[in-house]
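Chemist: dropping the sequence and predicted coords here.
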Amino acid sequence: MLVGHVIGGAFDVAAQSLQGSNTPVTITLYAEDSNAPYAFLDGDTPDGIYVRILQEAFDRMPGYRLDLVNVPFRRGMDLLEDGKVMGFFPPYKRKDREWVERYSIPILRETVVVMCSKDYAQSNLLNVFPDDFKGARFTNNAGYLLAGDEFFAMVDAGDISLEEANTTASNLRLLMAGRVDCYVNERMAILAGMRELAVDKDTARLFNEVAIIGHEFGYVAFGPDPDGNWPYRDQFADALDDVLRDMRNSGEIDRLVVSYFSY
C-alpha cells in the first residue's frame, strides 16, 4: 500500500514501533520530487519508476506499509545525513557519503551522459571528459555529483563555469536558451525532461549527446539514527533486499520499467 504526501513546514519523522505481527509497520521513505522518470511528483501524487518498483515490493511485504514524502534532492540528502529521516531514494553510492550506514541492493542501472548544444559540440573536439570541456558553461541539478570529482575540480579552478537548478526541466531550459553549453544527467531523465517540456524533434536536433560518463545504480539509502527512532530499520532493509532481489531475478523490475514507458 502506498501513501504519498508533500512535506510541509514540519517533518514527518515520528517513528512507529514494531507492533503485533498482524499489524503492518508504516515505513516512511523520502524520495526526490523532480527526478522524472525515476522519482517525482505528478501533481500531488508520487510517481516514477523507483516509486512503482518500491510500491510493488511493499505489496509483497505484508508486514510493512509504505508512506512517501517527496522533497528536492539536496534537502532529502541533508535530512538523511542529519538523522531526520530513515531512508531516501534514489541516490547513487559515493565515497564522500561515508555517513550513509547502508544501502539497499542496486535497483536500476542508469547511464550518465553529457548533453551539449550542437553548436558547441561541432566547434570543439570532445574526446575526453572533462579535460576537453575547458571553458565550457555547464548546468547541473543542485546537489548532483554525477559529473565526477575531476569535473568539480575544474569548476573550482575556474576552468569550467557552472550553474545549478533544482529540476531537469529547469536545466534544459537553460541549455535551450543558450545560457549554458552542456548539461550532465542520466539519459532517461534528460529524455523525460524533454518530454515534459514538449520539445519537438526540430529543437531536439539542436542538442547532441557527446559523452557517456559512466553507469550508476540507484539505491534506497539509510542514514544515521542518533535518536534511535528506527530500531526496526535493519530488519526492514533486509526484508526489502530479499524482495528486490527476487523481483530483479524474476524480471519483474524490467517489466515495470517497460510498463512505465508503454503508455
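Modeler: Arrived safely, thanks for sending. These figures come from a predicted structure and were not determined experimentally.

Chemist: from here on, contacts and neighbour counts on C-alpha atoms
Modeler: Will do.

Chemist: what comes into contact with the strand or helix carrying Phe88?
Modeler: Per DSSP states H and E: Phe88 is located in strand 87-89. Outside strand 87-89, the residues that touch it by Cα atoms under 8 Å, 6 or more residues apart in numbering are 28-32, 76-77, 80, 218-223.

Chemist: pull out the buried residues from the longest strand seen in the chain.
Modeler: Using DSSP state E, we find that the single longest strand of the chain is strand 207-218. The neighbour-count check on strand 207-218 (16 or more other Cα atoms under 10 Å) flags Phe207, Asn208, Glu209, Val210, Ala211, Ile213, Glu216, Gly218 as buried.

Chemist: who's in contact with the helix or strand just after the strand holding Phe88?
Modeler: The first helix or strand that comes after strand 87-89 along the chain, using DSSP H and E, is strand 102-103. With contacts defined as Cα under 8 Å, 6+ apart, strand 102-103 is touched by Tyr219, Val220, Ala221, Phe222, Gly223.

Chemist: for the closest residue to Thr23 other than its chain neighbours, what are its contacts?
Modeler: Ranked by Cα to Cα, 6 or more residues apart in numbering and with sequence neighbours excluded, the top spatial neighbour of Thr23 is Gly63, at 6.8 Å. Contact analysis of Gly63 by Cα under 8 Å, 6+ apart lists Ser21, Asn22, Thr23, Pro24, Val25.

Chemist: just Phe151 next, same as before
Modeler: Pro130, Ile160 are the contacts of Phe151 under Cα under 8 Å, 6+ apart.

Chemist: in a strand, it, correct?
Modeler: No: under DSSP: H, G, I helix; E, B strand; the rest coil, Phe151 sits outside any strand and is assigned helix.

Chemist: what distance do you get for the most centrally placed residue in the chain to Met61?
Modeler: In the chain, the residue lying closest to the centroid (Cα atoms, centre = their mean) is Pro90, at 4.3 Å. Per Cα to Cα, to the nearest Å, Pro90 is found 20 Å from Met61.

Chemist: ok, of the buried residues of strand 207-218, which one's closest to Leu41?
Modeler: Gly218 (18.0 Å; Cα to Cα).

Chemist: which residues does that closest one bridge with?
Modeler: Leu108 (DSSP bridges).

Chemist: okay, it: pLDDT?
Modeler: For Gly218, the model assigns a pLDDT of 95.

Chemist: equivalent analysis for Ala165, please.
Modeler: As summarised for this prediction, Ala165 has a pLDDT of 95.

Chemist: what about Leu206, neighbour count?
Modeler: The number of residues packed near Leu206 is 12, by other Cα atoms under 10 Å.

Chemist: looks like it contacts Lys118 (just checking).
Modeler: Yes: assessed by Cα atoms under 8 Å, Leu206 is found in contact with Lys118 at 5.1 Å.

Chemist: let's see if you can find the most crowded of the contacts of strand 102-103.
Modeler: Of all those, Val220 has the most neighbours under the rule other Cα under 10 Å, reaching 27 neighbours.

Chemist: the residue nearest to it when sequence neighbours are not counted bridge partners, please.
Modeler: Excluding the flanking residues, the one nearest Val220 by Cα to Cα, 6+ apart is Phe89, at 4.6 Å. Legend: beta-bridge partners of Phe89 under DSSP bridges are Ala31.

Chemist: which SS class is Leu66?
Modeler: Each residue gets one of three states, and Leu66 gets strand by three-state DSSP.

Chemist: and it, how far from Glu81?
Modeler: 21 Å.

Chemist: equivalent analysis for Gln55, please.
Modeler: The gap separating Gln55 from Glu81 is 24 Å, by Cα to Cα.

Chemist: where does the stretch 151-263 of the chain dip in pLDDT?
Modeler: For the stretch 151-263 of the chain, applying pLDDT under 70 flags the ranges 263.
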